[in-house]
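> this is a predicted model, with the sequence first.
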Amino acid sequence: MIFDSHMHVGSFAGGFDVSLDRDGIARLMEEHEIGGGVVFYPDNGYVAEVVETIPGLYALVWGNPRASGYVEEVERWLEHPKFIGLKLHPLIDGYLPNDPSVHPMIELILERDQPVLIHCGHPIFSLPWSIEELAVSFPRAKIVIGHMGHGNVVYINASIAIAQRHANVYLETSGMPMHTKIREAYQRVGETRVLFGTDVPFHHPLVEITKVRVSGLSDDAVERVLSRNGRRLFLGADDATEPVA
């Protein structure tokens, strides 16, 4: 079964005009054989309500250093058994990935040996080189470059090169339009550090799954990207269906 490393729930206005509720995400998972994944939204309380009712679905805490009491908010939700990492969206919330205000949140996930997924692909706040600065500052942190650069080939190439340079950096495929770059990333970065994601509701699962399947990877590599690598990073083992203690 597929493991989706990048899912949203909730309503996104301001030019996006997309939304997905609890029943919608459950339906998409069933229709596209997504057996597990991680989901997030700025309202962590709403995300908790969703993941508590969908087996196999886990959450990342949305951390926003511009919000009052953000460190305590992240720490509180990381105590919830279905929150298994951190989500940062520097573009929406308006900060640079290696800003000192981010560091306390990274320390919290380092204590728990959990990953952080960071939106990438848009200036000025979410360029791959800025995420690399965080990876250098925290070489033990498991840092996922969301969208592996997104729609700009310069950013895509940079994301692959950054992951190649730093063993603590992972690449996630959603929204990145060049199917051949998935194979290139797999070959250059390694078989365990390329993860599948859909970015629902911004992108459709059918498109994102097909992109991996036509990327030129072997059947075993496709299975690794679509399922095993995400489970390995977020749950602790290639075949895990829940976090490994």
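It's in. Numbering: from 1, shown residues only.
> please enumerate the strands of this structure.
Under the criterion DSSP state E, the chain contains strands at 2-8, 10-12, 18-20, 34-40, 57-63, 83-88, 115-119, 142-146, 169-172, 194-195.
> what are the bridge partners for Val20, then?
Quick fix: residue 20 is Leu, not Val. In this structure, Leu20 has the following beta-bridge partners (DSSP bridges): Gly10.
> list the contacts for it?
Counting by CB atoms under 8 Å, 6 or more residues apart in numbering, Leu20 makes contact with His8, Val9, Gly10, Leu28, Val200, Pro201. In short, each C-beta sits where N, CA and C put it, glycine included.
> for these, please prepare CSV with the additional fields neighbour count.
As requested, these are exported to CSV (neighbours: other CB atoms under 10 Å):
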residue, neighbour count
His8, 23
Val9, 25
Gly10, 19
Leu28, 19
Val200, 25
Pro201, 20
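> these into JSON lines, with extra columns for pLDDT and distance to Glu208?
JSON lines is the format used below for those (pLDDT from 0 to 100; distance: CB to CB, whole Å):
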{"residue": "His8", "pLDDT": "98", "distance to Glu208": "13"}
{"residue": "Val9", "pLDDT": "98", "distance to Glu208": "16"}
{"residue": "Gly10", "pLDDT": "96", "distance to Glu208": "19"}
{"residue": "Leu28", "pLDDT": "98", "distance to Glu208": "11"}
{"residue": "Val200", "pLDDT": "98", "distance to Glu208": "8"}
{"residue": "Pro201", "pLDDT": "97", "distance to Glu208": "12"}
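> ok, of those residues, which one's closest to His122?
Minimum separation from His122 among the contacts of Leu20 (CB to CB) is found for His8, which lies at 16.0 Å.
> circling back: next, format the contacts of Leu20 as JSON lines and append distance to Lys87.
Compiled in JSON lines, these are given as follows (distance: CB to CB, whole Å):
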{"residue": "His8", "distance to Lys87": "9"}
{"residue": "Val9", "distance to Lys87": "12"}
{"residue": "Gly10", "distance to Lys87": "12"}
{"residue": "Leu28", "distance to Lys87": "19"}
{"residue": "Val200", "distance to Lys87": "14"}
{"residue": "Pro201", "distance to Lys87": "16"}
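> ok, and for the lengthiest helix in the chain, which residues are buried?
When secondary structure is assigned using DSSP state H, the longest helix within the chain turns out to be helix 153-165. Residues of helix 153-165 classed as buried by neighbour count (16 or more other CB atoms under 10 Å): Tyr155, Ile156, Asn157, Ala158, Ser159, Ile160, Ile162, Ala163.
> the residue located most distally from the centre of the chain and Gly151: what is the separation?
Most distant from the centre of the chain: Ser68, at 24.1 Å, with distances by CA atoms, centre = their mean. Note on Ser68: its distance to Gly151, by CB to CB, to the nearest Å, is 34 Å.
> which of the contacts of Leu20 sits closest to Gly36?
Of all those, the one sitting nearest Gly36 is Leu28; the distance, using CB to CB, is 13.1 Å.
> okay but that closest one is in contact with Ile34, surely?
Yes: here Leu28 reaches Ile34: they are 7.1 Å apart, a contact under CB atoms under 8 Å.
> what residues are shared contacts of the two?
Contact criterion CB under 8 Å, 6+ apart; residues bridging Leu28 and Ile34 by contacting each: Pro205.
> mind listing what His32 touches?
For His32, the residues meeting the contact criterion (CB under 8 Å, 6+ apart) are Ile2, Pro205, Leu206, Ile209.
> any of those residues buried? List them.
Among those, those scoring as buried are Ile2, Pro205, Ile209 (criterion: 16+ other CB under 10 Å).
> is it true that His203 touches Gly175?
Yes: under the criterion of CB under 8 Å, His203 lies in contact with Gly175, with a separation of 5.4 Å.
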